[in-house]
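> When you get a sec, could you give me coordinates for this:
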Amino acid sequence: MQFARHLNEAGVPWEDIHLEFSPGQWMFEKTDGSEMRPKRIDLAIVSRDRLLSASFPTHLGGFRFDAVIEFALASNYWEFGTGSKQVITDKIAGDIKKVQEYLVSGLATHGYVVVIEETDHGFPAAWDEPLDHETGVRTRVLRRWR
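Residues are numbered from 1 along each chain as shown. Sure thing, here's the model as predicted:
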């Protein structure tokens, strides 16, 4: 929600911001031989005018979101309690894959994964820069521990 507030302050209208958006069966037709349905996304941005004027259901890729964003909290639980750093690393990799699916399928024009890092997890340096050349997903690590 805090990120949505920042987007709004930057000029994105509240009506264009959709939190925990599930583009369910009413939006997209099932493709032949495929069970692929778009997964819930943490935050989707789409112009309300385009959304209101669209005709649903449409074929997969027949309607694009302006942007989809996934968030991951890389907490320090593994350092000060039980747990494994691998859990958050796997979650972030899964988020990158999910956002990439939105881009590849034509569901979104832009895709982002934002990681809030509470301690030094030693994430790959590439996660702090755009991965457009590999996945099309822009990834950013926000470090709170420095």
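> residues near the residue nearest to residue 56 when sequence neighbours are not counted, how many?
In space, and not counting its chain neighbours, residue 56 is closest to residue 27: 5.2 Å by C-beta to C-beta, 6 or more residues apart in numbering. Bear in mind the C-beta positions are built from the backbone N, C-alpha and C, glycine included. Counted with other C-beta atoms under 10 Å, residues neighbouring residue 27 total 19.
> mind checking how far residue 27 is from residue 12?
21 Å (C-beta to C-beta, to the nearest Å).
> Test my guess that the residue nearest to residue 56 contacts residue 58.
Yes - the pair residue 27 and residue 58 qualifies as a contact (C-beta atoms under 8 Å) at a distance of 7.1 Å.
> in the protein, which helix or strand is least confident?
Among the helices and strands of the chain, helix 77-80 carries the lowest confidence by mean pLDDT, DSSP states H and E, at a mean of 62.
> Give me the packing partners of the helix or strand just after that one, helices and strands only.
As assigned by DSSP states H and E, the chain's next helix or strand after helix 77-80 is helix 85-104. Contact partners of helix 85-104 among helices and strands, from 3 or more C-beta pairs under 8 Å, 6 or more residues apart in numbering; DSSP states H and E: strand 41-45, strand 65-74, helix 77-80, strand 108-117, strand 137-143.
> least reliable of these going by mean pLDDT?
Among the helices and strands packed on helix 85-104, helix 77-80 has the lowest mean pLDDT, at a mean of 62.
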